[in-house]
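Asks: Provided below for reference: sequence and predicted model.
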Amino acid sequence: MRLILLGPPGAGKGTQAAYITKKFGIPQISTGDMLRAAVKAQTPLGIEAKKIMDAGALVSDDLIIGLVRDRLEQADCKPGYLFDGFPRTLPQADALKDAHIPLDYVVEMVVPEENIIERMSGRRVHPASGRSYHVHFNPPKTPGVDDLTGEPLVQRDDDREETVRHRLAVYRDQTRPLVDYYSQWAASGTAGAPRFRKVSGLGSVEEIRDRIFQALQD
Ligand code: AP5
Ligand code: ZN
């Protein structure tokens, strides 16, 4: 299984990626998680990326494309992969297409903007794995603690309301055009075109999981 999860910040891509990757035995390629790992390790990339991410802007296409290209060479990507937060611009999508990286599905998760701010403000994450929780909607078994490792949960630096609003604007301008890009490619019937699926991201985490599993069946 080779797929892209597309959707605005806070749509639940990371949350659903955990179920999909488990079901299909594939890795999650989250460029956001990769960048946050670089920030934590204070690599030159991380130091550069930190300022951009905290402002809610996008890291340069060249940098991201290089990061993904290296990641795809690793052996665990052989059975497939799930892209989360990538591609995010038309040049990133073109880079993927030009490199003939196979794709079976593009799944768009649709969530209205008014629901996103409350999701982000209650989000807590486990930094080492990228696992996401929500204090009300998807709480950990013990408050403030990751279910699997028992390690503390933190708030992301870019989840301040002002930054979230900017990230949403960046999504509208730069990433939303990919919905047309992929739906038109899918409709063209060209060889190698992925199937395009639109799924509502409203409801319980389990309801959305089942909707996505269903969409990946046909
Ligand atoms: P990235 O990490 O990709 O962030 P994002 O796309 O903005 O998405 P989020 O991780 O915020 O949301 P999500 O959809 O994963 O939602 P989640 O499952 O956590 O990118 C961060 C930054 O890195 C970017 O701003 C940019 O600077 C840089 N970057 C990354 N990739 C890049 C690229 N390709 N090019 C350039 N720059 C790049 O859920 C959100 C919350 O909602 C959680 O609290 C969760 O528990 C809760 N929730 C989930 N499902 C539900 C539900 N059904 N009901 C209620 N609450 C729910
Ligand atoms: Zn995420």
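Replies: Yep, it's here. Ligands and ions are numbered 1, 2, ... in the order given.
Asks: strands along this protein, start to end?
Replies: Along the chain, counting by DSSP state E, strands occupy 2-6, 28-30, 81-84, 105-110, 123-125, 132-134, 195-200.
Asks: which residues touch the first one?
Replies: Counting by C-beta atoms under 8 Å, 6 or more residues apart in numbering, strand 2-6 makes contact with 13, 16-17, 20, 26, 80-84, 86-87, 101-109, 175, 178-179, 182, 194, 216, all of which sit outside it. Every residue, glycine included, has its C-beta placed from N, CA and C.
Asks: can you give me the buried ones in stretch 160-171?
Replies: Buried positions in stretch 160-171, judged by neighbour count with 16 or more other C-beta atoms under 10 Å: Thr163, Val164, His166, Arg167, Leu168, Val170, Tyr171.
Asks: of the strands of the chain, which is nearest Ala57?
Replies: Ala57 sits nearest to strand 28-30 of all the strands of the chain, at 17.8 Å, using C-beta to C-beta.
Asks: sheet partners, orientation included, of the closest one?
Replies: Within its sheet, strand 28-30 is paired with strand 81-84 (parallel), according to DSSP bridges.
Asks: lowest average confidence, helix or strand, in the chain?
Replies: Within the chain, no helix or strand scores below helix 113-121, which has a mean of 91 by mean pLDDT, DSSP states H and E.
Asks: so which bits of that one are buried?
Replies: Quick answer for helix 113-121 (16+ other C-beta under 10 Å): Ile116, Arg119, Met120.
Asks: my guess is Val59 contacts Met53, does it?
Replies: Yes. With contact defined as C-beta atoms under 8 Å, Val59 counts as touching Met53 (7.2 Å).
Asks: what touches both of those two?
Replies: Leu35.
Asks: before we move on, back to that, quick one: which of the buried residues of stretch 160-171 sit in helices?
Replies: Residues of the buried residues of stretch 160-171 located in helices (DSSP state H): Thr163, Val164, His166, Arg167, Leu168, Val170.
Asks: for the nearest residue in space to the third one that is not next to it in sequence, give me the pLDDT.
Replies: Okay, so that is His166. Excluding the flanking residues, the one nearest His166 by C-beta to C-beta, 6 or more residues apart in numbering is Gly56, at 3.7 Å. Predicted confidence (pLDDT) for Gly56: 94.
Asks: show me the contacts for Gly56.
Replies: Contacts for Gly56 were tallied using C-beta under 8 Å, 6+ apart; they are Asp158, Thr163, Val164, Arg165, His166, Arg167, Val170.
Asks: keep only those of these that are also close to ligand 1.
Replies: Applying C-beta under 6 Å from any ligand atom, the subset of those adjacent to ligand 1 comprises Asp158, Arg167.
Asks: specify which member of the contacts of Gly56 is nearest to Asp94.
Replies: Minimum separation from Asp94 among the contacts of Gly56 (C-beta to C-beta) is found for Val170, which lies at 18.5 Å.
Asks: okay if I get the contacts of Gly56 as TSV plus pLDDT and distance to Glu206?
Replies: Converted to TSV, the contacts of Gly56 look like this (pLDDT from 0 to 100; distance: C-beta to C-beta, whole Å):
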residue	pLDDT	distance to Glu206
Asp158	90	27
Thr163	92	29
Val164	92	25
Arg165	93	29
His166	94	31
Arg167	94	26
Val170	97	30
